[in-house]
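[1] what's the 3D shape of this:
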Amino acid sequence: MCGFTDLRDFQRAHRQWVEQALGNGFAPRDDRWSEAIAVGSLTFVETVKSDLGSKAVHREVLETDGTYALREPSESYTGKFVGENDALTPKNTVLWQEDSETAAT
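    Numbers count the residues shown, from 1 in each chain. Here you go, the predicted model:
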């Protein structure tokens, strides 16, 4: 699991990654993670696309800054929902209030 042999080590590292990403304020929304089917290495994304079979025929693999994402073609929903989803996007976040010492593992 991500090069960790112990689940607790992974959980600790993940918690640190999240805290670092959030910094002292609200982290900006990253479309690669929130609007993609799969995100990661090219091998990983192509494997997911292959595993999806016919469900992924029209999905695109896009590269940004060395990270790959499997996504719907951008024009898929543009014409149908223009303006309807705009109000949802900026507020599509819930911040967790959880004490890392008492979090269930």
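[2] Name the surrounding residues that touch the helix or strand where residue 43 lies.
    If you go by DSSP states H and E, residue 43 is part of helix 42-52. Residues outside helix 42-52 that contact it (C-beta atoms under 8 Å, 6 or more residues apart in numbering): 37-39, 56, 59, 61, 63, 68-70. C-beta: built from backbone N, CA, C; applies to glycine.
[3] Skipping adjacent residues, who's closest to residue 58 in space?
    Leaving aside its sequence neighbours, residue 58 sits nearest to residue 73 (C-beta to C-beta, 6 or more residues apart in numbering; 6.2 Å).
[4] Provide a list of residues in contact with that neighbour.
    Per C-beta under 8 Å, 6+ apart, neighbours of residue 73: 58-60.
[5] swap in residue 69?
    32, 36-39, 45, 61-62 are the contacts of residue 69 under C-beta under 8 Å, 6+ apart.
[6] in this structure, which ranges drop under the pLDDT threshold?
    1-2, 24-28, 74-105 (pLDDT under 70).
[7] would you list every one of the helices in it?
    With DSSP state H, the ranges of helices along the chain come out as 7-22, 31-34, 42-52, 78-81.
[8] number of nearby residues for the closest residue to residue 41 other than its chain neighbours?
    Using C-beta to C-beta, 6+ apart and skipping the chain neighbours, the partner closest in space to residue 41 is residue 68 (6.5 Å). Residues lying near residue 68 (other C-beta atoms under 10 Å) number 20.
[9] most neighbours per residue, which of the helices of the chain?
    Counting by mean count of other C-beta atoms under 10 Å, helix 42-52 has the highest mean neighbour count of these, with a mean of 14.
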